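Chemist: okay, sequence plus prediction incoming.
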Amino acid sequence: MTSWTQRTELLIGKSGMEALQQASVLVVGLGGVGGMAAEMICRAGIGKMTIVDHDTINPTNLNRQILASVNTISQYKTDVMAQRLLQINPDLKLKTFNQWAEVSNIEELLETEKYDFVVDAIDTVTPKVFLIKSCLERGIDIISSMGSGGRMDPSKVRITDISNTHTCPLAKAVRQRLSKMGITKGLAVVFSDELPNKNAVLPVEDEKFKKSTVGTISYMPAIFGCMMASHVIREILRKNHFQKTLDRT
């Protein structure tokens, strides 16, 4: 039987494949962005993953979240994601935490495993900023997603440093909070410089951590998630000295 990693190994070589298989990645948040990032990281051949979320799938997720189908509504995202990842790679060393990422548990979470990379796909500012700060203080590589809602133009999405972000309300809030902690740069983010549609906002009262929900198109969170996954994979390869090999191909 042909190995499921054959096409990836053809691109990055055996040593590159081994580097991914030895790496450990934490994904916090399994919504439209984080769910796609987690799956793409798994499909690339990462050997260890930890996934964190406490949300359940609801019908409004069907328009954009890879975990959402009529058969998965009301199920915990961690359960559905774990099943998907292990069906892709049965040898994956997977840890799941069916809990919200909060200030009270983030430090403990970061101490459960030696992570090569953290993917921040948290929607709420306070735990998001605390996760970022905690990773930077520990020297753990992290990439953070800014807002994907209210936007439709994929050509406006890019990976950059937090100090280069603008027009994005979430990025502004994150910058301001981090600045108060003495952090003004050194954080990789995926963000869009497209102005969000201010009319695509609906107040909500029954969702934990949310005061409003933003209109979202099917492909935009997935693009954010894929770009986050690409950064994680390329940085792991670069740090393992495989970038020169990639550049020659």
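Modeler: Looks like it came in fine. Numbering: from 1, shown residues only.

Chemist: what packs against the longest helix along the chain?
Modeler: Assignment by DSSP state H gives helix 219-239 as the longest helix of the chain. Under the contact definition 3 or more C-beta pairs under 8 Å, 6 or more residues apart in numbering; DSSP states H and E, helix 219-239 sits against helix 6-21, helix 32-44, strand 117-120, strand 142-145, strand 157-161, strand 188-192, helix 243-248. To be clear about C-beta, it is placed using only N, CA and C from the backbone, and glycine gets the same treatment.

Chemist: list the buried residues for that helix?
Modeler: For helix 219-239, the neighbour count (16 or more other C-beta atoms under 10 Å) marks 220-237 as buried.

Chemist: among the helices and strands packed on helix 219-239, which comes closest to C135?
Modeler: strand 142-145 (4.1 Å; C-beta to C-beta).

Chemist: parallel or antiparallel, list what pairs with the closest one.
Modeler: strand 117-120 (parallel), strand 188-192 (parallel) (DSSP bridges).

Chemist: could you pull out the buried residues of the shortest one?
Modeler: Pointing back at strand 117-120 there. F117, V118, V119, D120.

Chemist: ok, now stretch 185-197?
Modeler: In stretch 185-197, counting by 16+ other C-beta under 10 Å, buried: L187, A188, V189, V190, F191, S192, D193, E194, P196.

Chemist: list just the nearest of those residues to S15.
Modeler: For the buried residues of stretch 185-197, the nearest to S15 is A188 (24.3 Å; C-beta to C-beta).

Chemist: the closest residue to T96 other than its chain neighbours: what's it in contact with?
Modeler: Spatial nearest neighbour of T96, excluding adjacent residues (C-beta to C-beta, 6 or more residues apart in numbering): T78 at 4.6 Å. By C-beta atoms under 8 Å, 6 or more residues apart in numbering, T78 lies in contact with L30, I51, V52, D53, H54, T96, F97, N98.

Chemist: so which of the helices and strands packed on helix 219-239 comes closest to D91?
Modeler: helix 6-21 (8.8 Å).

Chemist: what's the angle between the helix or strand following that closest one and helix 219-239?
Modeler: Counting by DSSP states H and E, the next helix or strand C-terminal to helix 6-21 is strand 24-28. Relative orientation of strand 24-28 versus helix 219-239 (axes from the mean of the first three to the mean of the last three C-alpha atoms, to 10 degrees): 160 degrees.

Chemist: quick one: list the elements packing against strand 24-28.
Modeler: Against strand 24-28 (3+ C-beta pairs under 8 Å, 6+ apart) you get helix 32-44, strand 48-52, helix 103-110, strand 117-120.

Chemist: one more time with 7 Å
Modeler: helix 32-44, strand 48-52, strand 117-120 (3 or more C-beta pairs under 7 Å, 6 or more residues apart in numbering; DSSP states H and E).

Chemist: okay if I get those as a markdown table plus mean pLDDT?
Modeler: Below are the helices and strands packed on strand 24-28 laid out as a markdown table (pLDDT from 0 to 100):
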| stretch | mean pLDDT |
| --- | --- |
| helix 32-44 | 98 |
| strand 48-52 | 98 |
| strand 117-120 | 98 |
